[in-house]
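Undergrad: Generate coordinates for the sequence data below:
(chains A and B)
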Amino acid sequence: MAEPFSLDEPFEEYSHEPPASHDGDPGPLKVCHGIRVNTRLSLSRNLATFPFFDACSDDQREHLRSVLLDAASIKSPSAPFCVVDCQRMQLLEQQFLSDLQAIVGLIMIPEPDPCFGETKSGEATLTSPANRSRPLEQSGENDESATIESLVHDKSSAINSTEEGHEPAFAPQIRLILNHEDHLEIEVESLGEQLTPTWTCLNLFDDQLQQEFSFAYHPQFGYLTACPSRAGTTLRASVLLHLPAAVAMGSLPDLLNRLSRHNVAIREVFGDPGGGDFFRASNLATLGFSELDLIEQVRGAVDLAITTEQQARQKWLQTDLVGLTRTVKRAVLDLQKLELTSTDEHIRRKIVQALSRIRLGHQLGLLAQSESAPILGRFQLIQLQEWLHRAIAQEDYRAASRWRDRIKRLGETACR
Amino acid sequence: MVRVNGRGDPINSASILNPSFAMKCQKCEKPATFHITDLTGDELLALHLCPDCAKQYLQTEEPAMEAPMLTGVLSKQMKLEQTAEELRDLDSRECPICGISFYEFRQSGRLGCPHDYVFFGNELEPLLVNVHGDNRHVGKRPKHGAADTESQVELIRLRREMKEVIENEDYEQATRIRDRIRKLEEESRPHG
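TA: Numbering: from 1, shown residues only, chains lettered A, B, ... in the order given. Just a heads-up that it's a prediction; the model follows:
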């Protein structure tokens, strides 16, 4: 099972690059997993026998909600999912909190349900434990016997392992988004850049739902959505990137220019336009490309962005080591002064900016963990409490129990 | 084996994608390099602009652009391809299944039902090419056999009819429609 986040070693897991030498020798460039904060993939689906969401009556919407949730609960892969019954701002709020946690490095997936591997009626789900060690097919076709459990627990499948190091353990967060533009949006999120296993998880869940429903589909236009800009695969594949040096060293416009010629957009998140360090790279078109094509596009864009950021970081270290060190250390003080529970946009941006600098400081070896651990611990606690309150408000007591256990574990870790 | 996209162009890790794809600025014809997501009240506005238009937009104190991306593209497309009279005729066309008019689609950027892709197919195809660079799906397909599209469309039509008779408080007719819907649903349920 994926180890929950621990205060003891929050950053080695995510940054394989050794601290850059500070005597001017840049050293070899290496892929730094810390630049890739999280991965988010989603598919939009509409039931073929209903109008699109906007044209549905209230009764029809309620009926859709009910049948979709029932089917998802029965057919769900073994990892639990959460439901976002969506007014648009609620979804954005969920995604914002999720991104914040990923930035700090918290693995936020609830633990698997105790009834893991069983349907509500007690029957076994798709596969036996013997299949868990089978390597995954990295094609668009799922292995019929694969489950989310095998994706999460099969460390021997070498998901995303590279010569430089390893990605964070794959622990997907699955969201079912209802009452949005389309009847259903299935979103899967994971830490770091784990496009392939995240897609496999999403595809698997979609396949299982398609055993129950006919989704609106046209041989020429693909899966049909209310807005034609998402028809076809309907896949939105994105990776959240941390690019503080590219911003500071002025490398970003050139990167944006190069990517604009391809099917990838890089959008700033959190900050003022031109003021933030976090960007989400995602595919634009969804028609005319296969799902794996789209994932490769995003992966290529991410690689370009990483190279740009790496080079910018080296340059920053060489040209202004003292200033950079001062900046990251001051960020710790800034975060201590900010109201961490605030929902004010302006304060949130400052929080994110401080987190960006602290994260950068750790990755470059300019900030010791002991300098930031107390404030980050407090921040994580606040975030966990926020998730707990939300779960209680939505009467999801199973989820609330899991968040409560995490808070307890965080307290125990801090006391050691 | 070389993988190709829907246009037959090769895809490999070195060249991310068909380099001829370039999204155009919503305000002018230059390539869009700025992709801005703006929150305006409850609405999420996605904007794709060239550097000059982005600079102008970010510096202005005016409210965000009125139309979301798709309606902006539609509007430009209609001006190029339709006379005023043709546009009027087109706007008045209504889908026989869900009742949405093309005018309503142009205003909101959203269709009413899956059948609209057939009914407004001729108008949608150039729009899809404009937005996606292609109009043909090459990705995942449903695993179970081809669905009975006629039944699916009939179900949507019946649901619309049900909504109308309930509004008119004709509950006898509503019962008949409900039974018909149940029968069709049972027949068209996928067996996967």
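
Undergrad: In contact with A:Leu384, which residues are there?
TA: With contact set as C-beta atoms under 8 Å, 6 or more residues apart in numbering or on different chains, A:Leu384 has these partners: A:403, A:406-407, A:410. Just so you know, the C-beta spots here come from the backbone N, C-alpha and C atoms, and that holds for glycine as well.

Undergrad: now, which of those residues sits nearest chain B?
TA: Distance to chain B, by C-beta to the nearest C-beta, is smallest for A:Trp403 among the contacts of A:Leu384, at 27.4 Å.

Undergrad: Could you tell me the per-residue confidence at the closest one?
TA: Confidence per residue is given as pLDDT, and for A:Trp403 that number is 78.

Undergrad: likewise the one 4 residues further on?
TA: Taken from the predicted model, the pLDDT recorded for A:Ile407 is 82.

Undergrad: Go through the contacts of A:Leu384 and name the one nearest A:Ile351.
TA: Nearest to A:Ile351 among those is A:Leu410, at 18.8 Å by C-beta to C-beta.

Undergrad: That closest one against A:Ile382, yeah?
TA: No. Contact between A:Leu410 and A:Ile382 fails when scored by C-beta atoms under 8 Å: they sit 10.8 Å apart.

Undergrad: Looking at these two, which has the bigger crowd around it?
TA: Of the pair A:Leu410 and A:Ile382, A:Leu410 is the one with more neighbours under other C-beta atoms under 10 Å in any protein chain shown, namely 19 against 12.

Undergrad: low-scoring stretches of chain B, by residue?
TA: B:1-22, B:37-45, B:55-72, B:74-82, B:145-148, B:189-192 (pLDDT under 70).

Undergrad: please redo it, this time with the cut-off set to 80
TA: Across chain B, residues meeting the criterion (pLDDT under 80) sit at B:1-87, B:144-148, B:188-192.

Undergrad: After the strand or helix carrying A:Pro197, which helix or strand is next?
TA: Counting by DSSP states H and E, the secondary-structure element that holds A:Pro197 is helix A:195-210. Past helix A:195-210, further along toward the C-terminus, the next helix or strand under DSSP H and E is strand A:217-218.

Undergrad: which residues are in contact with that next one?
TA: Contact with strand A:217-218 is made by A:48, A:223-224, B:114, B:117-118, B:137, B:141-142, B:147, as judged by C-beta under 8 Å, 6+ apart.

Undergrad: Return the members of the residues you listed classed as buried.
TA: The neighbour-count criterion (16 or more other C-beta atoms under 10 Å in any protein chain shown) marks A:48, A:223-224, B:114, B:117-118, B:137, B:142, B:147 among those as buried.

Undergrad: Can you show me the helices along chain B?
TA: Ranges of helices within chain B are B:51-59, B:69-81, B:84-92, B:102-108, B:116-119, B:121-132, B:149-167, B:171-188, based on DSSP state H.

Undergrad: okay, those helices in JSON lines with distance to A:Ile186 next?
TA: Conversion of the helices of chain B to JSON lines gives the following (distance: least, C-beta to C-beta, whole Å):
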{"stretch": "helix B:51-59", "distance to A:Ile186": "32"}
{"stretch": "helix B:69-81", "distance to A:Ile186": "22"}
{"stretch": "helix B:84-92", "distance to A:Ile186": "35"}
{"stretch": "helix B:102-108", "distance to A:Ile186": "24"}
{"stretch": "helix B:116-119", "distance to A:Ile186": "21"}
{"stretch": "helix B:121-132", "distance to A:Ile186": "21"}
{"stretch": "helix B:149-167", "distance to A:Ile186": "21"}
{"stretch": "helix B:171-188", "distance to A:Ile186": "22"}
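
Undergrad: Out of the ones you listed, which is the most enclosed?
TA: Scoring the helices of chain B by mean neighbour count under mean count of other C-beta atoms under 10 Å in any protein chain shown gives helix B:116-119 as the most buried, with a mean of 21.

Undergrad: State the distance from the closest residue to chain B within the stretch 101-250 of chain A to B:Cys98.
TA: Taking C-beta to the nearest C-beta as the measure, the stretch 101-250 of chain A has A:Gly222 as its residue closest to chain B, at 3.0 Å. Taking C-beta to C-beta, to the nearest Å as the criterion, A:Gly222 is separated from B:Cys98 by 20 Å.

Undergrad: so what's the backbone phi/psi at the residue in chain B positioned nearest to chain A?
TA: Using C-beta to the nearest C-beta, B:Asp134 is the residue of chain B that sits closest to chain A, at 2.6 Å. Its backbone dihedrals place B:Asp134 at phi -160, psi 160, with angles given as degrees, to the nearest 10.
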